[in-house]
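Asks: Quick one, structure for this:
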Amino acid sequence: MEAMDVHIEIIEDPDDPRFGQFRVNERALASRAQKRDDAGAGLFLAEGDLVVERAFRAGCVPTAALVDTERIPDIAGELGCPLYGGGSAIRTLVAKMGFPLSILALFERPARPSVRGLASSARRLVVAEAVDNPVNVGSIVRNAAALGWDGLILDHTSADPLSRRSLRVAMGTAFSLPHARTQHLAAELLTLDDFELYALTPDPTARPLDDVHPGSRAAILIGSERSGLSEELVDLSIPVRIPMAAGVDSLNAAAATAVACWALRA
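Replies: Numbering: from 1, shown residues only. As a prediction, this is how the structure comes out:
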């Protein structure tokens, strides 16, 4: 796409107020209350042409974008929102990253399903409790999407799948893997009576994962790397473990999810 095909406001001053919207932190993009709003509230920032395109194709509404005027990605011409451009040095300063991407775009946060709504059309679900590292959440999303799982359920203490770091790690697959959030995870899981719940744990008395043969609908539960799943969730589930080499008790949350999603895939 030639630069003349797209109207871009060129900005040479990194302190120009029009850049301010791309420099705000996660809390300014979406408050805690907005992140808990299933109807969709606040904004998220997508970085890179692949993530921006996947967000746009999924129906997310863009509000503004920052582009490389020397290498305008094709998707920029389709966004229909204000486009701002600057050189590599300016875009690096604005984005606060070590390298300038060809595009950054702000989007309205989309509505998301309830736990029951998500489960109603799913066969395989990942459930995350207290996974507060956005890199782990992004990796879990990417693993689940790649291995054909249908959705992700998170408690309110887990990291946001639409945070900058989660989206970067997931490479935009968050838009093909629907997620639901809840402040009452155990109570919500109790309503999923047609799902078999499997709690990942390093407990040596748990059933080895390769001995598990799930039915048509199943969910795998992943907990914090520090303390694992709460007793409340373990008590609702069948404890399962990944067989490990002697002297090693566990994998990190993202790697464990990948193994479990492969082993229990539909």
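
Asks: So residue 75 sits against residue 103, correct?
Replies: Yes. Using CB atoms under 8 Å, residue 75 makes contact with residue 103 at a distance of 7.0 Å. Where C-beta positions appear, they are placed from N, C-alpha and C, glycine not excepted.

Asks: who's more crowded, these two?
Replies: residue 103 (25 against 22; other CB atoms under 10 Å).

Asks: any residues in contact with both of residue 75 and residue 103?
Replies: Residues within reach of residue 75 and of residue 103 at once, by CB atoms under 8 Å, 6 or more residues apart in numbering, are 49, 52.

Asks: the domain parsing of the protein - what is it?
Replies: Using automatic domain parsing, the domain ranges for the chain come out as 3-108, 115-263.

Asks: average pLDDT for the longest one?
Replies: Model confidence over domain 115-263, given as mean pLDDT, is 96.

Asks: The first one too?
Replies: Confidence over domain 3-108, taken as the mean pLDDT, stands at 89.

Asks: can you give me the offset of it from its chain's centre?
Replies: Its chain's average C-alpha position is 18 Å from that of domain 3-108, according to CA atoms, centre = their mean, to the nearest Å.

Asks: cool, and the last one?
Replies: Centroid separation between domain 115-263 and its chain, computed with CA atoms, centre = their mean, is 13 Å.

Asks: so how far does it reach from one end to the other?
Replies: 24 Å (CA to CA, to the nearest Å).

Asks: Going along the chain, name the strands of this structure.
Replies: 9-10, 43-47, 62-68, 83-86, 103-108, 124-128, 151-155, 179-182, 196-200, 207-208, 218-222, 238-241 (DSSP state E).

Asks: Can you lay out those as JSON lines showing distance to residue 23?
Replies: Output for the strands of the chain, formatted as JSON lines (distance: least, CB to CB, whole Å):
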{"stretch": "strand 9-10", "distance to residue 23": "16"}
{"stretch": "strand 43-47", "distance to residue 23": "10"}
{"stretch": "strand 62-68", "distance to residue 23": "10"}
{"stretch": "strand 83-86", "distance to residue 23": "12"}
{"stretch": "strand 103-108", "distance to residue 23": "10"}
{"stretch": "strand 124-128", "distance to residue 23": "29"}
{"stretch": "strand 151-155", "distance to residue 23": "27"}
{"stretch": "strand 179-182", "distance to residue 23": "26"}
{"stretch": "strand 196-200", "distance to residue 23": "38"}
{"stretch": "strand 207-208", "distance to residue 23": "49"}
{"stretch": "strand 218-222", "distance to residue 23": "33"}
{"stretch": "strand 238-241", "distance to residue 23": "44"}
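
Asks: just so I know, which of these lies nearest residue 249?
Replies: Closest to residue 249 of those is strand 238-241 (CB to CB; 9.4 Å).

Asks: Tell me the buried residues in that closest one?
Replies: Under the neighbour-count criterion of 16 or more other CB atoms under 10 Å, strand 238-241 has 239-241 buried.

Asks: Adjacent strands (with direction) for that strand?
Replies: strand 196-200 (parallel), strand 207-208 (parallel) (DSSP bridges).

Asks: Touching the first one from outside, list them.
Replies: Residues from elsewhere that reach strand 196-200 (CB under 8 Å, 6+ apart): 127, 189, 206, 212, 214-215, 217-223, 229, 233-234, 236-242, 256-257, 260, 264.

Asks: can you rerun that using 7 Å?
Replies: The contact list for strand 196-200 (CB atoms under 7 Å, 6 or more residues apart in numbering) reads 189, 212, 214-215, 217-222, 229, 233-234, 236-240, 256, 260, 264.
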